[in-house]
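> everything below, folded, please.
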Amino acid sequence: MLFSDMGPWYALQVVPKHEKSVDNILEYRGYNHFLPTYRSRRRWSDRVMFVEQPLFPGYVFCKSQRNLMEVIRSSPGIIRIVAFGGKPLPVPDKEIEALQQIVCGKREYSAFPYLNVGQKVQVISGPLMGISGTIMQFKNRNRLVISLDVIMKSVSVEIDQSEVALYHAAA
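Numbers count the residues shown, from 1 in each chain. Prediction:
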């Protein structure tokens with residue numbers, strides 16, 4: 001087990017358009033890293049292509065012990081570690097696991113504006129079972145929105161209303 005496999009996940013703010021190079025550097029240095037991407041359709045005057053784009057532009061996630069954060073800070077392309085009160089703010093494991101589950105799933109997903117309000121639901125069936133988020137209507141379709149509070153970003157995935165139930169927090 002690598003030292004970087006222990007500890008919580010952190011959101012790293014990176015130089016614009018450098019997400020993939022920072023992700024490659026973290027991989028080369030042996031860190032447990034995650035760069036969620038999606039396929040975006042781009043149209044040029046002579047052709048249409050699909051390109052991989054970062055789901056959250058300007059951010060890469062890294063799992064590390066706090067005492068190794070200085071090594072991450074010294075990596076080229078990293079602006080800062082998302083922090084509150086001068087202390088690095090960990091991203092909850094459940095949020096990273098939900099993102100990984102969405103990215104590996106077979107459903108269409110996309111970035112979505114961050115939401116503070118809305119009805120909280122939990123997925124009770126299907127490939128996204130166990131994920132909780134906010135249910136929203138977008139273009140006459142139900143979307144499950146997962147929000148990462150640390151970086152104030154969200155992702156949405158299409159979902160059938162029969163697959164969700166009202167979220168009840170554990171007492």
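
> surely residue 45 is in a helix?
No - Residue 45 is assigned coil when assessed by DSSP: H, G, I helix; E, B strand; the rest coil, not a helix.

> how deep is it tucked in, by neighbour count?
When neighbours are defined as other C-beta atoms under 10 Å, residue 45 has 4 of them. All C-beta spots, glycine's among them, are computed from the backbone N, C-alpha and C.

> one more: residue 30?
For residue 30, using other C-beta under 10 Å, the count is 11.

> state the distance from it to residue 77.
17 Å (C-beta to C-beta, to the nearest Å).

> how about this protein, which residue sits the furthest from its center?
Distance from the centre of the chain peaks at residue 46, with 32.9 Å (C-alpha atoms, centre = their mean).

> where does this structure dip in pLDDT?
For the chain, the stretches with pLDDT under 70 are 1-5, 66-68, 113-119, 138, 169-171.

> the longest helix in it is where?
For the chain, the helix with the greatest residue count under DSSP state H is helix 93-104.

> list the buried residues of that helix.
Buried residues in helix 93-104, counting neighbours by 16 or more other C-beta atoms under 10 Å, are found at 95-96, 98-99, 101-103.

> same for the helix or strand that it is followed by, what does it pack against?
Using DSSP states H and E, the helix or strand that follows helix 93-104 in sequence is strand 109-112. Using 3 or more C-beta pairs under 8 Å, 6 or more residues apart in numbering; DSSP states H and E, the elements in contact with strand 109-112 are strand 37-43, strand 153-158.
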